[in-house]
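> No letters, just coordinates:
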Ligand SMILES: CCCSc1c(F)c(F)c(S(=O)(=O)NC)c(F)c1F
Ligand SMILES: [Zn+2]
């Protein structure tokens, strides 16, 4: 019998440590939220946010999800675990899986959700740019919203309906329809918070994670549209 050379290409999180040493760190995300081990927030001040609504936004296909850039327009996130610093929304993006019911980055008591929305903010009280903040332990604050299949999400649909126009990595479409990122958040704003990292390379440990407890509903069609375009991070 002939010896057939077999090349096994190993990619993915297990190899990230070779190129991105931060991935070997002590505050790596995502994590499984073990609800029984979460301590109560005590006397933390309320988490408050304000976003601009009527400004042009662009939806970009970075190759692993879709991303909406805020193009520098004004916004504020403060309070909660963020001390006295004020953070500004830089971009928001979504993670979907290849199968419905999987795809969230975080899990709760071992349960995955159909997707996870991330609103990425940077610390404007201490740093001069997003890039600078992204390298600092208190540089970023990401609001995480768990997505589950249910009723159609009208605000998110303003982006989902544009996905057919950005099917290839690098594609970008700009829209000026009014959109309030606050409408992407759940009604109940109870959350878990922990110091963590980017969940993709360079896995920098610069993220204060704020993960809302209440999932937000999106329709099965909205999940399908996302899955059509980003299966395992690849456009199909
Ligand atoms: C220099 C970072 C590139 S911007 C970025 C990102 F691309 C990303 F994906 C996440 S994530 O929320 O950790 N989701 C993986 C972030 F927080 C980010 F800031
Ligand atoms: Zn993300």
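Happy to help now that I have it. These numbers were taken from a predicted model, which means no experiment stands behind them. Numbers count the residues shown, from 1 in each chain. Ligands and ions are numbered 1, 2, ... in the order given.
> The protein against ligand 1: which residues are in contact?
Contact residues (C-beta under 6 Å from any ligand atom) of the chain with ligand 1: 118, 120, 134, 140, 142, 198-200, 207. For glycine as for every other residue, the C-beta is placed from the backbone atoms N, C-alpha and C.
> Now tabulate these in TSV and tack on pLDDT and secondary structure.
Shown next, in TSV, are the residues of the chain next to ligand 1 (pLDDT from 0 to 100; DSSP: H, G, I helix; E, B strand; the rest coil):
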residue	pLDDT	secondary structure
118	97	strand
120	98	strand
134	97	coil
140	98	strand
142	98	strand
198	96	coil
199	92	coil
200	85	coil
207	98	strand
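> With adjacent residues omitted, what lies nearest to the spatially most central residue of the chain?
The residue lying closest to the centre of the chain (C-alpha atoms, centre = their mean) is residue 118, at 2.3 Å. Computed as C-beta to C-beta, 6 or more residues apart in numbering, the closest residue to residue 118 that is not its neighbour in sequence is residue 142, at 5.1 Å.
> again, but for residue 113
residue 104 (3.9 Å).
> Could you pull up the residues touching residue 226?
66, 94, 96, 115, 160, 163 (C-beta atoms under 8 Å, 6 or more residues apart in numbering).
> mind running it again at 10 Å?
Residues in contact with residue 226, defined by C-beta atoms under 10 Å, 6 or more residues apart in numbering, are 65-66, 94-97, 103, 114-115, 147, 156, 159-160, 163, 218.
> what's the answer for residue 138, then?
So residue 138 contacts 82-83, 85, 87, 123, 125-127, 195, 206-208 (C-beta under 10 Å, 6+ apart).
> please redo it, this time with the cut-off set to 6 Å
Applying C-beta atoms under 6 Å, 6 or more residues apart in numbering to residue 138 gives the contacts residue 123.
> And it, how far from residue 80?
Noted for residue 138: a distance of 13 Å to residue 80, by C-beta to C-beta, to the nearest Å.
> so where's the protein uncertain?
1-20, 22-23, 97-101, 228-236 (pLDDT under 70).
> Which positions in the top helix by length along the chain come out as buried?
Secondary structure assigned by DSSP state H gives helix 220-229 as the longest helix of the chain. Buried positions in helix 220-229, judged by neighbour count with 16 or more other C-beta atoms under 10 Å: 222-223, 225-227, 229.
> Compute the number of surrounding residues for the nearest residue to residue 109 once chain neighbours are set aside.
Using C-beta to C-beta, 6+ apart and skipping residues adjacent in sequence, the residue nearest residue 109 is residue 35, 5.6 Å away. Residue 35 has 10 neighbours, counted by other C-beta atoms under 10 Å.
> Is residue 50 within a helix or a strand, and which one?
strand 47-51 (DSSP states H and E).
> before we move on, back to that, looking at the buried residues of helix 220-229, spot the one nearest residue 26.
Of all the buried residues of helix 220-229, residue 26 sits closest to residue 226, with 32.6 Å by C-beta to C-beta.
> Show me what residue 119 bridges to in the sheet.
Beta bridges link residue 119 to residue 92, residue 143 when assigned by DSSP bridges.
> any idea how far it is from residue 191?
From residue 119 across to residue 191, the span is 12 Å (C-beta to C-beta).
> So residue 156 lies in a helix, does it not?
Yes: using DSSP: H, G, I helix; E, B strand; the rest coil, the assignment for residue 156 is a helix.
> any idea how far residue 208 is from ligand 1?
Using C-beta to the nearest ligand atom, to the nearest Å, residue 208 is found at 10 Å from ligand 1.
> If anything else comes up later, I'll come back, but that's it for now.
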